[in-house]
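Participant: Here's a sequence, model it:
(chains A, B and C)
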Amino acid sequence: MIKQTELKLNPYPRGFHLITNSILNVIDISKIESGLLHVFIKHTSASLTINENADPTVRADFESHFNKFIPENALYYKHDYEGPDDMPAHLKASTLGSSVTIPITNARLNLGTWQGIYLGEHRDHGGSRSLVVTVYS
Amino acid sequence: MIKQTELKLNPYPRGFHLITNSILNVIDISKIESGLLHVFIKHTSASLTINENADPTVRADFESHFNKFIPENALYYKHDYEGPDDMPAHLKASTLGSSVTIPITNARLNLGTWQGIYLGEHRDHGGSRSLVVTVYS
Amino acid sequence: MIKQTELKLNPYPRGFHLITNSILNVIDISKIESGLLHVFIKHTSASLTINENADPTVRADFESHFNKFIPENALYYKHDYEGPDDMPAHLKASTLGSSVTIPITNARLNLGTWQGIYLGEHRDHGGSRSLVVTVYS
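Facilitator: Have a look, this model is predicted:
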């Protein structure tokens, strides 16, 4: 059985943000014994990944790290006319990924204690981002 | 319901290439209301990712970026006997990923306007690459 | 049809390790004509990826590469109180990914000849890691 819905997130500032609850709010998994949740982001300059859900300094360090190793204004960028944050945003999106797939077990996301779903917002002014949430069980 | 097929791509030169249409050509999603498409690459020196489907300079910048941050001839590479492009190809494959999963909604891939599926060909002469395409609905 | 099980790996040292057989040992795919296997790691400092299953120097080079490009003791790390290996472990986990999805065809994982599933153990003393293995067919 497949259930699918779309979700428009409110705009987030550039950086990494916990969105686990925003996703759980739009889909009912309370009757699912075993299944999988797939979340997909319909953009090429923002990403989804799973990481630590507690200390916000982890999210801050993600931003610092990817800014250093996927820098703005690299001399070899040819795709630069949408601003210095654009090409790095595309590269960050593919390095981190466009979707996450998470097991559902006994009516709950079967995440580890410290895991949450991150939105990676890689543009300075990315605006609202659209997600497609699919549950199969 | 699961449908699965294999696809052999024609050889591509080293770099990033749009292959969305090659995948849609081998699988019929015209009757699927809600589902998921999974595409898997059966190689360890090529990758699949989702990114911008319009300006080819984005794909060129992907090649430049990953060549810089996953370089050839790093002094610490021990696995070097298959050529200088081999070990970086393995690292690029795992950094970018071996598969993509995309929602299907109302008989179409539910991609954002600017999204397409990239083949990352990371070898100088990678030859034909085999994909497994699975649709569940 | 969905089958799901959990698996606790024995502790591995820091580095990359082939775990394909550990996964196949806990799930029966011998009756599945077409399907997908999803493996998820319930931790934020270890990862799953697919790469070369033969030469162990590939796994050694993975460790060297990610140690260089996701370094310990970066000056901008704020999240440093769990040890120098902790914040890089989070970054490696998201760069490589928390899950892999692999097609099943004719009762076998439809991997390429040279592909295997890697555990990326990114902590010095990560301990036992829990996986959730889901098969749908």
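
Participant: Check what pLDDT the nearest residue to residue A:50 once chain neighbours are set aside gets.
Facilitator: The spatially closest residue to residue A:50, leaving aside those adjacent along the chain, is residue C:98, at 4.6 Å (CB to CB, 6 or more residues apart in numbering or on different chains). In this view, the C-beta of every residue, glycine as well, is placed from N, C-alpha and C. Looking at residue C:98, its pLDDT is 98.

Participant: quick one, what contacts residue C:98?
Facilitator: A:49-50, A:100, A:115, C:40-41, C:47-48 (CB atoms under 8 Å, 6 or more residues apart in numbering or on different chains).

Participant: do the same with residue A:96
Facilitator: A:47-49, A:66, A:120, C:94-95.

Participant: sorry, back to before: in strands, which of the contacts of residue C:98 fall?
Facilitator: A:49-50, A:100, A:115, C:40-41, C:47-48 (DSSP state E).

Participant: would you turn those residues into a markdown table with neighbour count?
Facilitator: Shown next, in a markdown table, are those (neighbours: other CB atoms under 10 Å in any protein chain shown):
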| residue | neighbour count |
| --- | --- |
| A:49 | 23 |
| A:50 | 26 |
| A:100 | 23 |
| A:115 | 22 |
| C:40 | 27 |
| C:41 | 24 |
| C:47 | 25 |
| C:48 | 22 |
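
Participant: unless I'm mixing things up, residue A:26 is touching residue A:133, no?
Facilitator: Yes - counting by CB atoms under 8 Å, residue A:26 touches residue A:133, with 6.0 Å between them.

Participant: show me what contacts the residue in chain A positioned nearest to chain C?
Facilitator: Nearest residue of chain A to chain C: residue A:112, at 3.4 Å (CB to the nearest CB). Neighbouring residues of residue A:112 by CB under 8 Å, 6+ apart: C:41-44, C:130.

Participant: Repeat that for residue A:48.
Facilitator: So residue A:48 contacts A:39-41, A:96-100, A:117-120, A:131 (CB under 8 Å, 6+ apart).

Participant: repeat for residue A:28
Facilitator: Contacts of residue A:28 (CB under 8 Å, 6+ apart): residue A:3.

Participant: how much space between it and chain B?
Facilitator: 15 Å (CB to the nearest CB, to the nearest Å).

Participant: for residue A:2, same thing?
Facilitator: Distance, residue A:2 to chain B, by CB to the nearest CB: 5 Å.

Participant: Next up, phi/psi of that residue, please.
Facilitator: phi -120, psi 130 (degrees, to the nearest 10).

Participant: where along chain A do the strands fall?
Facilitator: Using DSSP E, strands in chain A cover A:2-8, A:15-18, A:34-41, A:46-52, A:99-105, A:108-109, A:115-121, A:130-136.

Participant: what's the neighbour count on residue A:108?
Facilitator: 12 (other CB atoms under 10 Å in any protein chain shown).

Participant: which ones are touching the spatially closest residue to residue A:127 that is not a sequence neighbour?
Facilitator: Nearest residue to residue A:127, sequence neighbours excluded (CB to CB, 6+ apart): residue A:11, at 5.2 Å. Listed by CB under 8 Å, 6+ apart, the contact set of residue A:11 reads A:125-129.

Participant: Could you identify which of these has the most neighbours?
Facilitator: Busiest of the contacts of residue A:11 [other CB under 10 Å] is residue A:129, holding 22 neighbours.

Participant: so it touches residue A:41, yeah?
Facilitator: Yes - counting by CB under 8 Å, residue A:129 does reach residue A:41; the two are 6.2 Å apart.

Participant: which neighbours do the two share?
Facilitator: residue A:119.

Participant: More neighbours: which of residue A:26 and residue A:133?
Facilitator: residue A:133 (20 against 12).

Participant: Burial check on the residue lying closest to residue A:124 once chain neighbours are set aside, number of neighbours?
Facilitator: Excluding the flanking residues, the one nearest residue A:124 by CB to CB, 6+ apart is residue A:85, at 4.9 Å. If you count neighbours by other CB under 10 Å, residue A:85 ends up with 18.

Participant: do the same with the one 4 residues further on
Facilitator: Residue A:89 has 27 neighbours, counted by other CB under 10 Å.

Participant: Repeat that for residue A:77.
Facilitator: When neighbours are counted by other CB under 10 Å, residue A:77 comes out with 20.

Participant: what's the residue of chain A found nearest chain B in contact with, if anything?
Facilitator: In chain A, the residue that lies nearest chain B is residue A:42 (3.3 Å; CB to the nearest CB). With contacts defined as CB under 8 Å, 6+ apart, the neighbours of residue A:42 are A:129-132, B:110-112, B:115.

Participant: Determine the number of other residues adjacent to residue A:24.
Facilitator: Using other CB under 10 Å: residue A:24 sits among 15 other residues.

Participant: Now do the contacts for it.
Facilitator: residue A:109.

Participant: So in terms of bridging, what pairs with the residue nearest the centre of chain A?
Facilitator: In chain A, the C-alpha nearest the mean C-alpha coordinate belongs to residue A:48, at 2.1 Å (CA atoms, centre = their mean). On the basis of DSSP bridges, residue A:48 takes part in beta bridges with residue A:119.

Participant: Once you drop chain neighbours, what's closest to residue A:9?
Facilitator: Residue A:9's closest residue in space is residue A:129 (CB to CB, 6+ apart), at 4.8 Å.

Participant: if I pick that neighbour, what's in contact with it?
Facilitator: A:8-9, A:11-12, A:41-43, A:46, A:119, A:121.

Participant: run the last query once more with 7 Å
Facilitator: By CB atoms under 7 Å, 6 or more residues apart in numbering or on different chains, residue A:129 lies in contact with A:9, A:41, A:43, A:46, A:119.

Participant: May I have the phi/psi pair for the first one?
Facilitator: Geometry field for residue A:9 lists phi and psi as phi -80, psi 150, criterion degrees, to the nearest 10.
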